[in-house]
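[1] need the 3D shape of this:
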Amino acid sequence: MSTIILPKTKKTSNLQIRLDPELKSEVEFILSQLGLNTAQAVAIFFKQIIRQKAIPFALSLDSIDWQNVENSRKDCKKGKFVALNSSEDIDNFADNPETFYSQNKSK
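    The predicted model follows:
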């Protein structure tokens with residue numbers, strides 16, 4: 001009789017939050033376009049907080065740089081993005097997005 005050894009899975013913890021249903025729906029749609037689910041996006045966010053020891057984006061009363069947002073949207077539509085195909089990709093991207101992007105950018 002053979003023994004099957006399954007890989008150990010990481011322990012996880014639950015996070016429960018309340019959101020506006022429209023906000024949740026819009027975010028889930030965008031994340032699905034990026035190949036991510038909500039849990040993966042939150043994990044990336046949390047890892048960036050740890051890495052930067054700060055919120056990983058500017059919190060300001062100044063206006064948002066909408067031109068940068070629009071440029072990013074255009075890049076995505078043109079296929080200029082990286083695919084996160086595994087939890088390892090997500091971890092690597094969260095740990096060092098610049099390096100991951102330069103090594104995996106679409107052509």
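[2] check the chain for its longest helix and report it.
    Using DSSP state H to assign secondary structure, the helix with the most residues in the chain is helix 38-52.
[3] who does it touch, helix- and strand-wise?
    When contacts are defined as 3 or more C-beta pairs under 8 Å, 6 or more residues apart in numbering; DSSP states H and E, helix 38-52 sits against helix 21-33, helix 87-95. C-betas here are computed from N, CA, C, even on glycine.
[4] quick one: contacts for Lys47?
    Contact analysis of Lys47 by C-beta atoms under 8 Å, 6 or more residues apart in numbering lists 91, 94-95.
[5] please repeat the previous calculation with a cut-off of 10 Å.
    Listed by C-beta atoms under 10 Å, 6 or more residues apart in numbering, the contact set of Lys47 reads 56, 90-91, 93-95.
[6] what does Glu98 give?
    By C-beta under 10 Å, 6+ apart, Glu98 has no neighbours at all.
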